[in-house]
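Participant: Below is the structure, and that's it, no one-letter string:
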């Protein structure tokens, strides 16, 4: 009897040993599912607290209005958003290089979450003391904490990408990201309401300082659930190449991938169009002569748009692919920009916030997933981190450019110019970028299967 016949007999006539093996495998599969759902729940809880913290001291509303009230130029009003975006992108490639060699990631996630939020304590002091006639104090007490927090947040991103790419199947990853954003959006609305209440009840700069203080405490509390994560069994990669060699080799592989390169060009154009994104709230307040306490309330339609968009684009990404969502992202930014310029009152302007929220949801659900699917499995962190490090400065510095353009011309001109850039970005995504799934399951590309 051949070995194959013997194996077939074992499968057709299972004995006690085979039954035990099957039971062990079922038990192992159940344990893996339980660990997955536990991690998802912990990430959602942490993300919910972090979302309340973010909305309580958002760069686009609370920080921007504070700077405007102090009389800073529009280019300075755009700096907080730029600092946050650039700071988020800069550390990702070194963090990915380190994460490949790290055997334990949970402790680092906890520490980085605390480091993301703790600097807001200094920003709370800065809200009381900064003034246009003390630019160095302004930079030290307000902008520096924002940079430190964003650097820590960016350092954590490759670790999350690795976990998402390996644990969540491709067919459900879009809905997983969408579900994350829905939950975060609900809690973000609570944060926006809290910020509005604090600014209404506490007059002057004290209200802004209290917003920063609340954001710091809530953000640090978001680190607690991360302590109880169950890490997957991943062996660190034993590589001897240094960071410069790793970066050079990764650059060659990424730039040699035509579709990924075109995707990056499209993302760069979206980032340039983002020059108007940091000025929605201050534009609305100036256009309709609204009080500062109204600014956080505009976060509510934005977060509603994020919640609805998360469901729509998560499902669309799972079923049709994430290139479609990238195209829709450009269309939504175009519609939001036109609505902001033409809105006759604050209620219609709120629709622009809703559409921008849907665009942000599409970005959150789709961009990282597109890169995960386009990258070889062993280089998910490298591809996504290099892409973010390249594109984040464009997103960030475009808001500074937008502030300079608004200072020299007007908000209306800035928003129309942004619309033109989004149109070019739409052309790039629609005609030059292909869906990664059309290439089939390349060796090691798919993850989470």
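Facilitator: Structure's in. What do you need? Nothing here was measured: the structure is a model prediction, and the numbers come from that model.

Participant: What pLDDT does the model give the residue nearest to the spatial centre of the chain?
Facilitator: In the chain, the centroid-proximal residue (C-alpha atoms, centre = their mean) is residue 364; its distance is 5.5 Å. pLDDT recorded at residue 364 is 88.

Participant: how much space between residue 266 and residue 433?
Facilitator: Going from residue 266 to residue 433 by C-beta to C-beta, to the nearest Å gives 6 Å. In this view, the C-beta of every residue, glycine as well, is placed from N, C-alpha and C.

Participant: who touches both of those two?
Facilitator: Residues touching both residue 266 and residue 433 by C-beta atoms under 8 Å, 6 or more residues apart in numbering: residue 326.

Participant: Which of those two has more residues huddled nearby?
Facilitator: The residue with more neighbours, out of residue 266 and residue 433, is residue 266; 26 against 23, by other C-beta atoms under 10 Å.

Participant: so the more buried one is in which element?
Facilitator: Per DSSP states H and E: residue 266 is located in helix 258-273.

Participant: residues of that helix that come out buried?
Facilitator: Buried residues in helix 258-273, counting neighbours by 16 or more other C-beta atoms under 10 Å, are found at 259-260, 262-264, 266-273.

Participant: So for residue 240, what pLDDT did the model give?
Facilitator: The predicted local confidence for residue 240 is 59.

Participant: Begin at 239, not 1, for the rest of this chat.
Facilitator: All right, first residue 239 from here; so that's residue 478.

Participant: Please look at residue 493 and residue 501 and confirm they touch.
Facilitator: No - at 12.0 Å, residue 493 and residue 501 do not qualify as touching, with contact defined as C-beta atoms under 8 Å.

Participant: Not counting its neighbours along the chain, what's nearest residue 411?
Facilitator: If the residues on either side of it in the chain are set aside, residue 411 comes closest to residue 607, at 5.6 Å by C-beta to C-beta, 6 or more residues apart in numbering.

Participant: And the helix or strand the one you found falls within, what does it pack against?
Facilitator: Per DSSP H and E, residue 607 falls inside helix 584-612. In terms of contacts (3 or more C-beta pairs under 8 Å, 6 or more residues apart in numbering; DSSP states H and E), helix 584-612 is packed against helix 382-405, helix 408-439, helix 496-511, helix 518-526, helix 537-558, helix 560-580, helix 618-646.

Participant: ok, now which ones touch the residue nearest to the centre of the chain?
Facilitator: Going by C-beta under 8 Å, 6+ apart, residue 602 touches 415, 419, 544, 548.

Participant: Got a quick PyMOL command for the buried subset of these?
Facilitator: Buried members of the contacts of residue 602, defined by 16+ other C-beta under 10 Å, are picked up in PyMOL with:
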select buried, resi 415+419+544+548
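
Participant: where's the dip in pLDDT among the contacts of residue 602?
Facilitator: residue 419 (81).
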